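**Q** Let me see the structure of the following:
(one chain, ligands or ions: 1)
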Amino acid sequence: MLSSSSCRVAAVSSATALFSSSKHLLCKNFTYISNPLCNNSLRPIRWNYRNSRMENSASRLVTRASAQPLKNPDELIDSVETFIFDCDGVIWKGDKLIDGVPETLDLFRSKGKRLVFVTNNSTKSRKQYGKKFETLGLSVSEEEIFASSFAAAAYLKSIEFPKDKKVYVIGEDGILKELELAGIQYLGGPEDGEKKIDLKPGFMMEHGKDVGAVVVGFDRYFNYYKVQYATLCIRENPGCLFIATNRDAVTHLTDAQEWAGGGSMVGAIWGSTKREPLVVGKPSTFMMDYLAKKFGILKSQICMVGDRLDTDILFGQNGGCKTLLVLSGVTTLPMLQDPKNSVQPDFYTNKISDFLSLKAAAV
Ligand SMILES: [Mg+2]
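**A** Below you'll find the model as predicted:
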């Protein structure tokens with residue numbers, strides 16, 4: 001969590017100022033404000049500093065009632081038209097499908113609900129995620145999948161990232177594939193994982209002066225070459241954007257322990273540049289705004305279902321949606337009920353297949 005002073009700094013960062021050269025003016029209509037809980041929400045708005053300050057102070061005063069156990073699934077189903085699901089810890093765990101998921105998704109579809117799957121994991125593209133769903137026996141179309149790799153490319157498209165500029169990528173294949181599909185030039189990615197720096201006296205690393213954005217996602221091949229290259233681009237290229245797919249502290253590479261997440265790579269670049277990233281994944285509202293616009297959905301008609309309080313549930317709350325926490329992933333009931341926890345979803349339940357058992361019990 002950022003300090004309030006860094007939040008204020010993030011709150012007034014303006015993309016208008018980032019690309020000051022008139023030739024490469026990006027985001028001329030957009031500025032960015034942090035969400036009320038300082039998670040670097042990326043919200044393209046027409047800037048009104050006074051109003052935004054008021055909105056932020058008002059939002060901080062909102063206190064939420066403690067989460068209620070899900071007792072009446074029909075009521076929740078009937079009150080929304082779209083369910084957005086986080087994937088890991090909700091649909092699957094690692095490469096294993098969570099019990100009862102196919103039948104539960106069938107139930108939602110039979111009720112005419114729109115289903116959307118959102119993940120902060122940027123290592124795969126939408127197409128690659130589609131294959132994962134297929135392998136697990138789930139029928140999910142690419143249009144229903146929104147990964148943070150896609151969000152990064154969608155964001156750059158939304159600000160009309162200049163065709164003559166390139167993106168330097170710290171991250172894996174998913175980001176490269178999505179940038180390619182969006183027609184955006186890039187460099188870096190996995191191939192820089194092998195690169196080493198030979199620190200001879202007087203050695204100076206060159207970097208591309210045409211890099212207009214650095215995108216940082218989870219990267220198993222992270223190294224000092226990438227840190228230095230990204231740092232040079234952000235510090236020395238006028239207006240270079242610093243975009244993070246997410247700031248997750250941990251991820252689940254194996255089911256044996258928690259592993260350092262995308263936030264560790266983003267943190268390294270923050271450390272060397274002292275620049276706040278523009279976050280496009282959860283809990284930033286960028287994806288929610290994008291989804292609402294794409295499908296023409298009212299946010300109050302969406303229920304966000306996830307296993308993490310600091311990403312999924314905040315993502316839903318920042319977007320003005322209903323929220324359901326499932327305890328099949330990283331959050332336990334004692335964690336939810338800890339007095340120090342300030343993020344309370346509307347409802348919680350053990351796993352999404354509880355929709356089936358609760359309905360059966362009610363008959
Ligand atoms: Mg999850």
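**Q** For the ion, what is the nearest residue in the stretch 1-150 of the chain?
**A** Relative to the ion, the nearest point of the stretch 1-150 of the chain is residue 89 (3.7 Å; CB to the ion). Bear in mind the C-beta positions are built from the backbone N, C-alpha and C, glycine included.
**Q** Could you tell me what pLDDT the model assigned to that residue?
**A** According to the prediction, residue 89 has pLDDT 92.
**Q** Point out where the protein drops to low pLDDT.
**A** The chain contains residues with pLDDT under 70 at 1-64, 362-363.
**Q** Now do the SS call for residue 156.
**A** helix (DSSP: H, G, I helix; E, B strand; the rest coil).
**Q** That one against residue 183, yeah?
**A** No: applying CB atoms under 8 Å, one finds residue 156 not in contact with residue 183, separated by 10.0 Å.
**Q** Check what contacts stretch 350-361 and list those residues.
**A** For stretch 350-361, the surrounding residues in contact (CB atoms under 8 Å, 6 or more residues apart in numbering) are 70-74, 77, 85, 90-91, 98-101, 103-104, 107-108, 305, 326-328, 349.
**Q** and it, how far from the chain's centre?
**A** Centroid separation between stretch 350-361 and its chain, computed with CA atoms, centre = their mean, to the nearest Å, is 28 Å.
**Q** in it, what counts as buried?
**A** In terms of neighbour count (16 or more other CB atoms under 10 Å), stretch 350-361 has its buried residues at 351-355, 358.
**Q** so what's the residue of the stretch 1-150 of the chain closest to the ion up against?
**A** Applying CB under 8 Å, 6+ apart, the residues near residue 89 are 252, 306-308, 326, 328-330.
**Q** Which ones among those residues also lie next to the ion?
**A** Among these, proximity to the ion is found for 307, 329 (CB under 5 Å from the ion).
**Q** and the contacts of residue 89, which two are the farthest apart?
**A** Using CB to CB, the contacts of residue 89 reach their maximum pairwise distance at 252 and 326, which is 14.8 Å.
**Q** how's the chain carved up into domains?
**A** Here the domain assignment for the chain is 1-63, 68-120+284-362, based on automatic domain parsing.
**Q** Leaving out chain neighbours, which residue sits closest to the closest residue to the ion within the stretch 251-363 of the chain?
**A** Nearest residue of the stretch 251-363 of the chain to the ion (CB to the ion) works out as residue 307 at 4.4 Å. Closest residue in space to residue 307, ignoring its immediate chain neighbours: residue 329 at 2.6 Å, by CB to CB, 6 or more residues apart in numbering.
**Q** Using JSON lines, please lay out the buried residues of stretch 350-361 together with distance to the ion and secondary structure.
**A** Conversion of those to JSON lines gives the following (distance: CB to the ion, whole Å; DSSP: H, G, I helix; E, B strand; the rest coil):
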{"residue": "351", "distance to the ion": "12", "secondary structure": "coil"}
{"residue": "352", "distance to the ion": "12", "secondary structure": "coil"}
{"residue": "353", "distance to the ion": "16", "secondary structure": "coil"}
{"residue": "354", "distance to the ion": "17", "secondary structure": "helix"}
{"residue": "355", "distance to the ion": "18", "secondary structure": "helix"}
{"residue": "358", "distance to the ion": "22", "secondary structure": "helix"}
